[in-house]
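Visitor: With the input below, show me the fold.
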Amino acid sequence: MLTLVSQLGHEVISAENGLEAVERFISQRPDLVLLDALMPVMDGFEAARQIKQASGEDLVPIIFLTSLTETGALVQCLEAGGDDFLTKPYNPVILQAKILAFNRMQDMHQTLQQQRDLISQQHQRLLQEQQLAKIIFDRVAHAGSLAAENLRYSQSAYAMFNGDILLAAYKPSGGMHILLGDFTGHGLSAAIGAMPLAEVFYSMTARGFNLRDILVELNSKLSRILPVGIFCCAVLIEVNPDKGLVEIWNGGLPEVLVLGSAGEILHRVASTHLPLAVARSERFDPTPVVLPLATGERLLCWTDGVIESRNLQGEQFGEPRVLALVESYAGQPGAVFDGLLQALEAFHGSPEDDISLLEVVMQAPSVALSVPQAMLFQPDVRQLEAQDWHLAYTFRAASIREHNPLPFLLKVLMEVPGLREHGGSLFTILSELYSNALEHGLLQLDSALKCNYLGFTRYYQARNEGLAALQDAWIRVALDHRPNPSGGVLTIEVEDSGPGFRAMQGGPSALFAAPEADAENHSGSAEGYSGRGLALVKALADELEFNAAGNRVRVVFAWRLGHTAGRPA
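Guide: Numbers count the residues shown, from 1 in each chain. Okay, here's the model as predicted:
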């Protein structure tokens, strides 16, 4: 056999017995092994087993050369690790064919190993890049106020990147914006829109834009950058504790439940809008549902993954189970969130989607307002003494219909060093005065409508209709700042072209009706919500006065360096 293999052109390493064959294989690593089944010291079967073990991942074919002809003996050759066998007498043509065949197998095996190693390296590099991207993603997505004590949430990701996104940020006035979103798909493709979404959400909230403005910009930006077929189902919420109001916009997510102080279901806010990045700007509707929400009442919302979660039998959790579970906790509103999480965990076997659950509790109103850190712009090196100025802006009908001037006005004020820490109070004063001029001065809306859910709906329908039809109207805002050694005095005047409050029963003084009692009376007489805004302005300002007609109001706000505004009501 040694001579035959050499004559076929192969380099041969010989061994006298099985033990020597194992030793020479380990030291010289031949490409192919020809073993006699019957050898002294160590037979071929044991030698084959040890050679296979020593070869590791390398493919080293073993051909048994044997005079055994019984089927059992041949099977034993293969079970010991042999890849083929050749019985005596040996046919050189067959032997050469087997050697060449195994050489081709070795070449193919080495190629597969190289490709496997390359794929493994690329996979590790991809995982490292994804881990880095996820760190950045999480820092952006969780840069806001998710740690607020009135929020509880749970998110479980089907893939490394969560297709669900949850954002929360304080408004300059002290309320909060919250966004729960669900992008189509899973993993990186689903999360790719989260970065611009978070950027717009945080920056516009910090600058005082309202929910409608943010929604319009989110839809516009995502429509420009996302490919066809990728969109974001979302719920956006604006919480205003000082007014006892909540605004909810639902575009493609399951119903938002509004729960009372005893855990009863007060309202179910269904999706009435298209998801973000589906409709063009001219067809996009940013109008939210506006509801009264008393201290201790709460919102419960979730993504599709909750109701579409399946158990081992393939059955979906479903919305009826959610509603039944919520109703089962009547009288225990604080236990609903944990109860739903436990029910989901007990129900599903392997989730097929990202799962996000959110609870928002209405907090008690607070007059002490401060600007969030995100609102603080780059430091201004100008001296306070240079901030002695008077500015006046007139916003005409077209501008009033299409734009919100409050972020612009607030940015002007934030240029004053030391005044930035009072940004929350200033934004509240500006927004309430402007809303009062628009809604009651120009549109002549009656706050008495805002006594219940249907009243709020009628009020904001009338507001939208009146705003769309507004012509030949104006609102003038004058800002006068006079610095002093300890701070300064800011005077704000807001005047509108409307007929004044004499057209409204009770005059302007009626707008200050009993805010303390209102906070306790959620069932809602007409006084329950009317007047809260200007009552808050009265509490924050040093002076507040109307002219005789009631269409011009003057507010004086004295501030001191290093003292955050906030006066007892």
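
Visitor: Settle this for me: Phe209 is touching Pro407, isn't it.
Guide: Yes - if you go by C-beta atoms under 8 Å, Phe209 and Pro407 touch, sitting 5.4 Å apart. C-beta here means a position set from N, CA and C on the backbone, and glycine is covered the same way.

Visitor: Just want to know which of those two has more residues nearby.
Guide: Phe209 (23 against 19; other C-beta atoms under 10 Å).

Visitor: Is that one located within a helix, as I assumed?
Guide: No - with DSSP: H, G, I helix; E, B strand; the rest coil as the criterion, Phe209 is located in coil rather than a helix.

Visitor: any idea how far it is from His177?
Guide: To His177, Phe209 is 9 Å away according to C-beta to C-beta, to the nearest Å.

Visitor: Same check on Asn404?
Guide: Counting by C-beta to C-beta, the gap from Asn404 to His177 is 14 Å.

Visitor: Look at the two and report which has more neighbours.
Guide: The residue with more neighbours, out of Asn404 and His177, is His177; 25 against 17, by other C-beta under 10 Å.

Visitor: Only the buried residues of stretch 430-443, if you could.
Guide: Using 16 or more other C-beta atoms under 10 Å as the test for burial, stretch 430-443 gives 430-443.

Visitor: scratch that, stretch 228-240 is what I was asking about
Guide: 230-240.

Visitor: One more: stretch 547-564?
Guide: By neighbour count on 16+ other C-beta under 10 Å, the buried set for stretch 547-564 is 549-555, 557-559.

Visitor: For my notes, confirm Ile475 occurs in a strand.
Guide: Yes - under three-state DSSP, Ile475 falls within a strand.

Visitor: Go ahead and confirm it touches Ile400.
Guide: Yes - taking contacts as C-beta under 8 Å, Ile475 lies within contact range of Ile400: 6.3 Å.

Visitor: Need the residues touching each of the two.
Guide: 438, 442 (C-beta atoms under 8 Å, 6 or more residues apart in numbering).

Visitor: And those two? Which one has more around it.
Guide: Using other C-beta under 10 Å as the criterion, Ile475 and Ile400 rank with Ile475 on top: 24 against 20.

Visitor: and the more buried one, what does it touch?
Guide: Applying C-beta under 8 Å, 6+ apart, we find Ile475 in contact with 394-395, 400, 434, 437-438, 441-442, 494-497.

Visitor: Generate JSON lines for those residues, with pLDDT and distance to Val306 as supplementary columns.
Guide: Putting the contacts of Ile475 into JSON lines (pLDDT from 0 to 100; distance: C-beta to C-beta, whole Å) gives the following:
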{"residue": "Thr394", "pLDDT": "96", "distance to Val306": "50"}
{"residue": "Phe395", "pLDDT": "95", "distance to Val306": "44"}
{"residue": "Ile400", "pLDDT": "92", "distance to Val306": "41"}
{"residue": "Tyr434", "pLDDT": "93", "distance to Val306": "39"}
{"residue": "Ala437", "pLDDT": "93", "distance to Val306": "43"}
{"residue": "Leu438", "pLDDT": "93", "distance to Val306": "39"}
{"residue": "Gly441", "pLDDT": "91", "distance to Val306": "45"}
{"residue": "Leu442", "pLDDT": "93", "distance to Val306": "43"}
{"residue": "Val494", "pLDDT": "96", "distance to Val306": "45"}
{"residue": "Glu495", "pLDDT": "95", "distance to Val306": "50"}
{"residue": "Asp496", "pLDDT": "95", "distance to Val306": "46"}
{"residue": "Ser497", "pLDDT": "94", "distance to Val306": "50"}
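
Visitor: Among these, which lie within helices?
Guide: Using DSSP state H, the members of the contacts of Ile475 that fall in helices are 400, 434.

Visitor: From Cys451, how far off is Gly550?
Guide: 22 Å.

Visitor: let me redo that: Asp107
Guide: The spacing between Asp107 and Cys451, counted by C-beta to C-beta, is 85 Å.
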